[in-house]
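Q: okay, sequence plus prediction incoming.
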Amino acid sequence: MTIHQLSIFIENRSGTLIKVLDALKEANIQLIATTIADTAEYGILRIVCAEPMRACEELKKAGIAVAISDVFALQLDNKPGSAADVIKLFSLAGISITYIYTFLLRGKGILVFRTDNTDLAKKTIEENQLPYIAEADLTDWA
Amino acid sequence: MSNYFNPEFETLTREQIEALQLERLQKTVRHCMNNEFYRKKFAEAGITPDDIKTLADVRKIPFTTKQDLRDTYPFGMSCVPLRDCVRLHSSSGTTGNPTVILHTKKDLDEWANQVARNLWMVGLRPDDVFQNSSGYGMFTGGLGFQYGAEKLGMLTVPAAAGNSLRQIKFIKDFGTTAIHAVPSYVTRLYEVMKEEGVDPRRDTKLKVLAIGAEPHSEEQRKRIEDMMGVKAYNSFGMSEMCGPGVGFECPEQNGLHFWEDYYIVEIVDPDTLEPVPDGEIGELVLTTLCREAMPLLRYRTRDLTRVLGRTCPCGRNHIRLDRMKGRSDDMMVLRGVNIFPIQIEKILMQFSELANNYLITLTTDEENDNMTVEVELAQSTDDYAKLQALEKEIRRRLKDEILLTPIVKLVPLGTLPVSEGKAVRVEDKRKVYQ
Amino acid sequence: MSRDERSALQGKRLHKIVEYVYHNVPFYRNKLQELDIRPDDIQTIEDITKLPFTTKKDLRDNYPFGLQAAPQSEIIRIHASSGTTGNPTIVGYTRKDIGVWSECMARCLTAYGVTRDDIFSVAYGYGLFTGGLGAHYGVEHIGASVIPAGTGNTEKHLKLIRDLGITGLACTPSYALYLAETMDKLGIRKEDLKLRVGAFGAEPWTESMRQEIEARLGLKGFNIYGLSEVMGPSVSYECQMQNGSHICEDHFYPEIINPVTLEPLPAGQTGELVFTTLTKEGMPVLRYRTRDLCSLLPGTCDCGRTEVRMGRIQGRSDDMLIIRGINVFPSQVESVVLSMPEFAPHYMLVVDRVNNLDTLQVQVELRQEVFTSTFDTPAAVDELEKRLAAKLKSVLSIAAKVQLKAPGTIERSQGKSAHVIDKRKL
């Protein structure tokens, strides 16, 4: 029910970001979405891509420290308010969202997020039959 | 060894105490006539030192307030030449004039004597190891206990506040038997001990805690005693009087003995300023009886408390007062530091990035007392790094002003309750006055 | 006191202190017995070269009270300074020691021209560090008013300096310059102040720093030197000549040695400064190696004092850094880094001076193992950073700014000094 997201600690100085992107290019990995949680001194680069496990191995080979996190990726209807409706379900269940971002995949809005309670979040998705995407979809659709 | 550090003073009968107080009051009042402020006050009230014939005559003397100390800043309250002063303490903050308290060498000795008397009273002797985990410098809790503990002859560790890991290391390595700290810091120490796998009962030689400089309830005291497995004694002090040492609990733990050979204690109604009967809560008013540099006559402490009794099974007939029950002004006490909301407001208003609305919340989280300052941003921004820097700068400036670091939360415009008239800017969620 | 009289007194006191430690400190008894020295072999001050040295490591090995000579009930005060690793160096003082210290401090303040009419602000750190309480007791001893300002809150401090007409200031020289900066910022001129005497120490400083401080604060600045292992501030002090610091050598006997051969060096030559405490009860030390490099100045001083003078500290014979007056060893940082499994054993200390305030940044390298599924938010990184910062503070006694680095990004060091980048120009 979750997909693998790469989280990479990068210091705020020139050359650090390109090192990561170059390594992914070398490995022929297709990026799907990226976002950075930035602070004054460093950033956490989050990447959704095709073949995340292979990407992780390649990055490690290139000497880049990378963490794999399990995040949810829900498919949304492309209309106003759909994100609010979905997130409200989690809120009602008492689940906090740690971070969130969105991207388009084949014209469909995808909502990526991590919560403070994975089990309860899974239950909420099941009970409400929310459409989610799986890891295989990323590779197929990219 | 005696149970008393100053048996000749500690075991006086009520009659003897009152006779001594009258003699010292008359002397103090005459000494105050060296000072213009008091001369003027006496003239305005139409009294002279000769009018003080009985102890009850103390009520003829006008009150002294913190405002008087500010108005006469810096040396206007001094009753001796400056060259006879050897120490100066000053209140925190840069808002308005700070208060300045002067001491002669004899004042320091008398101060140390009061502290030593207190520590002796709760069973500490020269063989004990006393760790003073209180802030040093201008804050009187550091130097006050340092001098007192050294006078008693204990091995005194000037550990100062903070750095819990090192505090715990010293408690273990030095065989510390007594600690002085503000109550919220003791709970913090316990929490870190737990994290480090240190059991105060098993791994330390602690036998006495002295806690004070911030209000705390009986429940908090019991919790601290349960955590640390030792008795915790309440200490009362204020820099205007000298610092710590003014009042302290005896082993009976039935209220704080205020040393009446050093002070005249009155409890008054803060509105009418008339005395209230024993047992009723009112504002504590203190008159110093032994101070040379800066005697204070009928000083309004703004602390609310009540008289519990004037005798005690411990043999000391010095007045017993209840733990502090509140304040008659808007001062907050957090981790032993006195803070007025206006100090915080003044700093916040210096930032053009901030709007006018703010809220100060005092809480106890996981045994820590914290202050959260929420303040509205004048404008929205997506520059996270800039917000971080702003938050940090506000924290730094507040720390400079109030000496402790609050949690700063920047909130969007319009999220804090809008106040009308005199704003309610402080929410104290701790249960300190009970 | 003439030099001959003093030598005689020093010899007598040396004999007494050797006898005292022989009977009260097993560590010294063992050392002396190993060298087959009995207290009676030490009769004149020249005999001092027969005695063994004491090092910081000896203090560490005997932590906390192993070198203490007086019984615990006689000790009324403890101070601590940085150890080379986790354990600080502990020094216990008897009531008499505190008295001697206050007297030496008063001796130094008197040389500066301070009297009981002065109002003296002590802006060294109070607490375990000897700077604050040491200077404090000395000022009280001569009857001047002491203001225990402590460190920090510079704006309020300046306000007090101006409003109270403070005449004397004790702080680190870099803090004095920081005060001058803050004066400029607040529009306070030196003419608004009554400052006239400064007691500056706890870190090395230069003649040009002195000139700048004197010009900007409008006072005369004097050096004060000391270390907690020997006593604290006032081991030596400058007189009005400002030409070398007089050592209170009736209490602290100085030698200069070659740090490699450990042979004594003649006056005028630069080497490592060594002190023997001649009167201390709590924790006397024999031939304590300070690691400070300087020389003893030949000749006599025009001020009339016959106490020998030491020149400016030229450096260290170890890798100790002095940051904001606090001694810091890279090995202390190493002990913290090694105690946390999150970090690789590679680290770097970056020391700088920004607006006359020393800054310490500690760079550490994350281990690959840290990168688990929850290491994907700034909050997780912050938490780790804070934990390290707290541990560093508990060991170093000063706050360090922590910078986490990705694995493999800190240059692999060869040798000790490679762990330090000191950008200050001292």
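A: Great, that's in hand.
Q: low-confidence stretches in the stretch 1-150 of chain B?
A: The stretch 1-150 of chain B contains residues with pLDDT under 70 at B:92-96.
Q: which residues of it fall in strands?
A: B:85-90, B:100-104, B:129-132 (DSSP state E, counting those that start in this stretch).
Q: could I get the ones you listed as JSON lines with mean neighbour count and distance to B:R302?
A: To be clear about C-beta, it is placed using only N, CA and C from the backbone, and glycine gets the same treatment. Below are those laid out as JSON lines (neighbours: other C-beta atoms under 10 Å in any protein chain shown; distance: least, C-beta to C-beta, whole Å):
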{"stretch": "strand B:85-90", "mean neighbour count": "24", "distance to B:R302": "18"}
{"stretch": "strand B:100-104", "mean neighbour count": "24", "distance to B:R302": "16"}
{"stretch": "strand B:129-132", "mean neighbour count": "26", "distance to B:R302": "26"}
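Q: and those as a markdown table, adding distance to B:W120?
A: Below are the strands of the stretch 1-150 of chain B laid out as a markdown table (distance: least, C-beta to C-beta, whole Å):
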| stretch | distance to B:W120 |
| --- | --- |
| strand B:85-90 | 23 |
| strand B:100-104 | 22 |
| strand B:129-132 | 12 |
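Q: so where's chain A shaky on pLDDT?
A: A:141-142.
Q: one more time with 90, if that's ok
A: A:10-16, A:37-43, A:60, A:62-65, A:77-79, A:104-108, A:134-142 (pLDDT under 90).
Q: show me what from it comes close to chain C.
A: Within chain A, the positions lying close to chain C (C-beta under 8 Å from any C-beta of the partner chain) are A:5, A:7, A:9-11, A:16, A:37, A:39, A:41-42, A:44, A:46, A:60, A:63-70, A:98-99, A:114.
Q: break the chain down into its structural domains.
A: With no chain named, the answer covers chain A. When chain A is parsed with automatic domain parsing, its domains come out as A:2-68, A:71-141.
Q: that answer is for a different chain, and I need it for chain B
A: B:7-329, B:337-428.
Q: and the first one, how far apart are its ends?
A: Spelled out, that is domain B:7-329. 38 Å (C-alpha to C-alpha, to the nearest Å).
Q: can you give me the helices for chain C?
A: Taking DSSP state H to define them, one finds helices in chain C at C:3-24, C:26-34, C:56-61, C:95-112, C:130-142, C:154-163, C:173-186, C:207-217, C:330-339, C:378-396.
Q: of these, which is nearest chain B?
A: With C-beta to the nearest C-beta as the criterion, chain B lies closest to helix C:378-396 of these, at 3.6 Å.
Q: quick check: mean pLDDT across the closest one?
A: What helix C:378-396 shows for mean pLDDT is 91.
Q: from the chain's centroid, how far away is that helix?
A: 26 Å (C-alpha atoms, centre = their mean, to the nearest Å).
Q: against which helices or strands is that helix packed?
A: strand A:42-49, helix B:164-173, helix C:330-339, strand C:357-366, strand C:401-405 (3 or more C-beta pairs under 8 Å, 6 or more residues apart in numbering or on different chains; DSSP states H and E).
Q: right, and these - which one's nearest C:A123?
A: Closest of these to C:A123 is strand C:357-366, at 13.0 Å (criterion: C-beta to C-beta).
Q: how about the closest one and chain A, touching?
A: Yes - for strand C:357-366, a contact with chain A is found by C-beta under 8 Å from any C-beta, at C:L366.
Q: what's in contact with stretch C:375-391?
A: Residues outside stretch C:375-391 that contact it (C-beta atoms under 8 Å, 6 or more residues apart in numbering or on different chains) are A:5, A:7, A:9, A:37, A:39, A:42, A:44, A:46, A:67, A:69, A:98-99, A:114, B:165, C:336, C:339-340, C:342-343, C:362, C:364, C:370, C:374, C:399-402, C:404.
Q: what comes up buried for that stretch?
A: Residues of stretch C:375-391 classed as buried: C:F375, C:D376, C:T377, C:P378, C:A380, C:V381, C:L384, C:E385, C:L388, C:A390, C:K391 (neighbour count, 16 or more other C-beta atoms under 10 Å in any protein chain shown).
Q: so what's the residue count around the residue of chain A found nearest chain B?
A: Across chain A, the shortest distance to chain B (C-beta to the nearest C-beta) belongs to A:A40, at 4.7 Å. Neighbour count for A:A40, taken as other C-beta atoms under 10 Å in any protein chain shown: 13.
Q: coming back round to it: of the domains of chain B, which stretch is the most buried?
A: Highest mean neighbour count among the domains of chain B (mean count of other C-beta atoms under 10 Å in any protein chain shown): domain B:7-329, with a mean of 20.
Q: for that domain, the distance to its chain's centre please.
A: 7 Å.
Q: mind checking what secondary structure B:D330 has?
A: Put simply, B:D330 is coil when judged by DSSP: H, G, I helix; E, B strand; the rest coil.
Q: can you pull the contacts of it?
A: Contacts of B:D330 by C-beta under 8 Å, 6+ apart are B:F340, B:P341, B:V426.
Q: I'd say C:T290 and C:T276 touch.
A: No - C:T290 is beyond contact range of C:T276, at 11.4 Å (criterion: C-beta atoms under 8 Å).
Q: mind checking which of these two has more residues around it?
A: Neighbour comparison, C:T290 and C:T276: the larger count goes to C:T276, with 27 against 20 (by other C-beta under 10 Å).
Q: surely that one touches C:I17?
A: Yes - contact criterion C-beta under 8 Å: C:T276 and C:I17 qualify, at 7.4 Å.
Q: hey, what's in contact with both of those two?
A: Joint contacts of C:T276 and C:I17 (C-beta under 8 Å, 6+ apart) are C:L286.
Q: for the residue of chain C found nearest chain B, which non-adjacent residue is spatially closest?
A: The nearest approach of chain C to chain B comes at C:G150, 2.7 Å away (C-beta to the nearest C-beta). Among residues not flanking C:G150 along the chain, B:G137 sits closest, at 2.7 Å (C-beta to C-beta, 6 or more residues apart in numbering or on different chains).
Q: likewise for B:G255?
A: B:R320 (3.6 Å).
Q: is it true that the one you found touches B:C312?
A: Yes - because the distance of 6.1 Å satisfies C-beta under 8 Å, B:R320 is recorded as touching B:C312.
Q: so what sits against both of those two?
A: B:N254, B:H257.
Q: returning to what we had before: now the residue nearest to B:G255. Its backbone dihedrals?
A: Per-residue torsions, B:R320: phi -110, psi 130 (degrees, to the nearest 10).
Q: that older thread, so which of the residues of chain A next to chain C belong to strands?
A: Members of the residues of chain A next to chain C lying in strands (criterion: DSSP state E): A:5, A:7, A:9-11, A:37, A:42, A:44, A:46, A:66-70, A:98-99, A:114.
Q: out of those residues, which are buried?
A: Looks like these have A:5, A:7, A:9-11, A:37, A:42, A:44, A:46, A:66-69, A:98-99, A:114 buried, using 16+ other C-beta under 10 Å.
Q: which residues does residue 102 contact?
A: Just going to use chain A. The contact partners of A:T102, by C-beta under 8 Å, 6+ apart, come to A:L76, A:A83, A:G109, A:I110, A:L111, A:V112.
Q: chain B was what I was after
A: B:F75, B:M77, B:S78, B:V80, B:L82, B:C85, B:R87, B:L88, B:A293, B:M294, C:S145.
Q: if I look at the third one, how far off is B:L25?
A: If you measure B:S78 against B:L25 using C-beta to C-beta, to the nearest Å, the figure is 20 Å.
Q: and what of the fourth one?
A: Per C-beta to C-beta, B:V80 is found 18 Å from B:L25.
Q: assess the claim that A:F72 and A:V48 are in contact.
A: No - if you go by C-beta under 8 Å, A:F72 and A:V48 don't touch, sitting 11.5 Å apart.
Q: please identify every residue contacting each of the two.
A: Contacts common to A:F72 and A:V48, judged by C-beta under 8 Å, 6+ apart, are A:I3, A:V112.
Q: tell me the contacts of the residue nearest to B:G255?
A: B:R320 touches B:N254, B:G255, B:L256, B:H257, B:F258, B:V307, B:L308, B:G309, B:R310, B:C312, counting by C-beta under 8 Å, 6+ apart.
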